[in-house]
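Student: What follows is a predicted protein model with its sequence.
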Amino acid sequence: MKSDVISIELTDTAAMHGAVALIAPLGIETEFQSFLALEAPRGWDATIVAERRSGQRAVVLKPPSPTDRAKLVHSFSSSGPGLSSDAYRPEGTPVTTAAAELAQEAQQIARSVGGGLAGIAAIVADTSARFSYGEVPLAERWYFGQDAVPIVACTSGNCIDINTYLVAALRAAGYEAAYLTCYFFDNDPHGIASGMHCWVRTRHDGAIQDWDIAHFKKANRPDVSATMNPIPGRRFALAFGRDHVYGWRDIEIRLSTPSRPMWVREDGTAIWGEPPVVQLVE
């Protein structure tokens, strides 16, 4: 069986963040991959933990010294049985649920084109029209601190922001939508990932469609469609869903967006550190 091997090398340490451990999703099954194995850093205590709602697996790594740097190696096969139906199950949390005004708007958009797959495409187009691509500090994002995802007229956002809006709108209109995270590898000659990325998959009347508004925008393409890679490349899916909760020792670890490794403090707070160097080595 052909396998793909990815190394994730961190440039920061637990001591730099007041952390006691590191947590990283292992990877999920889709039709284009299955997680095979993880090689943990030598000397680090590794514990496999399951997410409370979905059962997805992650590894919690405790360093032998707070100043030690970590390197993880993931192996994936090049095919799999497909995405679990659990990926479409709504979490019911503030960043996955539409506020009343957004819900009404999404429902009207879908109705106006007769629903079905046309309704999904219409909600995607409407979402795309509301965003320009850009990085915005968390505290300045329109949904930060809200009880549900509110409607927005026009704003900047990255893939997380755009897909937060899209998933909430689709689900409010009665569609099944899954939020997926991945490492994305474009055409870098050294096999270095361009970073963590996320996209949305819908399932309706037997049709599976993948939507990547953010990559269409980065490619300066206004013709957003159900195409996996408007920017040519490969993606390795890490997790599905939002607001994960993992129990480790006596700590409850919460991840709003489970993706690349995050540092864990004693109170369960998980924080992104410096972006790791992620390389496709085989």
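Tutor: Received the coordinates, thanks.
Student: neighbours around D223, how many?
Tutor: 9 (other C-beta atoms under 10 Å). Bear in mind the C-beta positions are built from the backbone N, C-alpha and C, glycine included.
Student: right, and it touches F216 too?
Tutor: Yes - using C-beta atoms under 8 Å, D223 makes contact with F216 at a distance of 7.4 Å.
Student: and stretch 125-138, how far apart are its ends?
Tutor: 24 Å (C-alpha to C-alpha, to the nearest Å).
Student: How about stretch 77-86?
Tutor: Start-to-end, stretch 77-86 (C-alpha to C-alpha) is 21 Å.
Student: what's next to it, contact-wise?
Tutor: Contact with stretch 77-86 is made by 1-4, 28-34, 36, 54-55, 178, 180, 201, 240-241, as judged by C-beta atoms under 8 Å, 6 or more residues apart in numbering.
Student: Of the residues you listed, select the buried ones using a PyMOL command.
Tutor: To isolate the buried ones among the contacts of stretch 77-86 in PyMOL, judged by 16 or more other C-beta atoms under 10 Å, type:
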select buried, resi 4+28+29+30+32+33+34+54+178+180+201+240+241
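Student: Select from the contacts of stretch 77-86 every entry located in strands.
Tutor: 3-4, 34, 36, 178, 180, 201, 240 (DSSP state E).
Student: residue boundaries of the strands in the stretch 151-282 of the chain?
Tutor: 155-157, 176-185, 195-204, 207-211, 234-240, 244-248, 251-255, 262-264, 270-271, 277-280 (DSSP state E, counting those that start in this stretch).
Student: wait, which of those strands is closest to A129?
Tutor: strand 155-157 (11.4 Å; C-beta to C-beta).
Student: Just give me the residue closest to the centre of the protein.
Tutor: T181 (2.6 Å; C-alpha atoms, centre = their mean).
Student: and the residue nearest to it when sequence neighbours are not counted, what is it in contact with?
Tutor: Distances taken as C-beta to C-beta, 6 or more residues apart in numbering place S259 nearest to T181, at 4.0 Å, with adjacent residues excluded. Counting by C-beta under 8 Å, 6+ apart, S259 touches 25, 181-182, 196, 198, 238-239.
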